[in-house]
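1. Here's my sequence, what's the structure:
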Amino acid sequence: MGVIAAATLAYYFGSSGPNATDTDIAGPVPLDPGYAARDAEVIETGYDGRERYRLKAAVIRQQTESGVIDLERLEMNYYRTPEAANGAAPAVMDAGEIWHLTSDHGQVREEGNDIQLHGNVRVTGPPQGGVEPLSLTTETLRVNTPTEFIETDAPIKLRWNGHEIDARGLRADLKAGTLRLESDVNGHFLQKK
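-> Next up is the predicted model:
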């Protein structure tokens, strides 16, 4: 009888205490912080299994609410899809089709299709024979990997084969091999000896 009375009293005080009907004072459950990594490397492949880009960053952090991935001190090799005569991509990627990008910070959005770079952005094009490769510096740049399109509205400096061009804004279609400078274009061309 004493055991039943003790169990009943324990149940009564445990269930009808002051916190039983009050809301939980601990607050909402915190959001999952996502993942974070140091000295990480991410490889994105296309539908055909070929590498689209290889991205290395000192720090990678995922924002779970938005799905955006923040990057610090990143370096990226971007593999341009070469065009073949019949429209099919060749079986082996030519080493000359690699664009190299570096930046202080970046964000990967929309399932890896949209990459925003900012802070000391530098883009170096593939080597072209004995000619100095194209080099671009700016503060911000957007890369859309499926369309192979890069753009910025920020001031840029373009160097190629000893020539320099300053401009504001750039639109480049890497697939088609075209580049358009938007405004305030000012070039300096050195005569080769």
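2. so where do the helices sit in the protein?
-> Ranges of helices within the chain are 2-15, based on DSSP state H.
3. can you give me the strands in it?
-> For the chain, the strands defined by DSSP state E occupy 36-45, 51-62, 69-79, 98-109, 114-124, 135-144, 149-160, 163-173, 178-188.
4. Take the ones you listed and write them to JSON lines, including mean pLDDT and mean neighbour count.
-> Every residue, glycine included, has its C-beta placed from N, CA and C. Shown next, in JSON lines, are the strands of the chain (pLDDT from 0 to 100; neighbours: other C-beta atoms under 10 Å):
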{"stretch": "strand 36-45", "mean pLDDT": "87", "mean neighbour count": "13"}
{"stretch": "strand 51-62", "mean pLDDT": "88", "mean neighbour count": "18"}
{"stretch": "strand 69-79", "mean pLDDT": "90", "mean neighbour count": "19"}
{"stretch": "strand 98-109", "mean pLDDT": "90", "mean neighbour count": "19"}
{"stretch": "strand 114-124", "mean pLDDT": "92", "mean neighbour count": "19"}
{"stretch": "strand 135-144", "mean pLDDT": "92", "mean neighbour count": "19"}
{"stretch": "strand 149-160", "mean pLDDT": "91", "mean neighbour count": "18"}
{"stretch": "strand 163-173", "mean pLDDT": "90", "mean neighbour count": "16"}
{"stretch": "strand 178-188", "mean pLDDT": "80", "mean neighbour count": "12"}
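5. how about Y47, phi and psi?
-> Here is the backbone geometry of Y47 (degrees, to the nearest 10): phi -60, psi -30.
6. Can you get me a residue count around it?
-> Residues within reach of Y47, counting by other C-beta atoms under 10 Å, total 7.
7. Give me the pLDDT for it.
-> Looking at Y47, its pLDDT is 80.
8. From P146, how far off is it?
-> Going from Y47 to P146 by C-beta to C-beta, to the nearest Å gives 9 Å.
9. likewise E75?
-> Taking C-beta to C-beta, one finds E75 at 21 Å from P146.
10. and the closest residue in space to T64 that isn't next to it in sequence, what does it touch?
-> Sequence neighbours aside, G34 is the residue nearest to T64 in space, at 4.2 Å (criterion: C-beta to C-beta, 6 or more residues apart in numbering). By C-beta atoms under 8 Å, 6 or more residues apart in numbering, G34 lies in contact with R61, Q62, Q63, T64.
11. Give me the neighbour count for the third one.
-> This means Q63. Using other C-beta under 10 Å, the number of residues around Q63 comes to 13.
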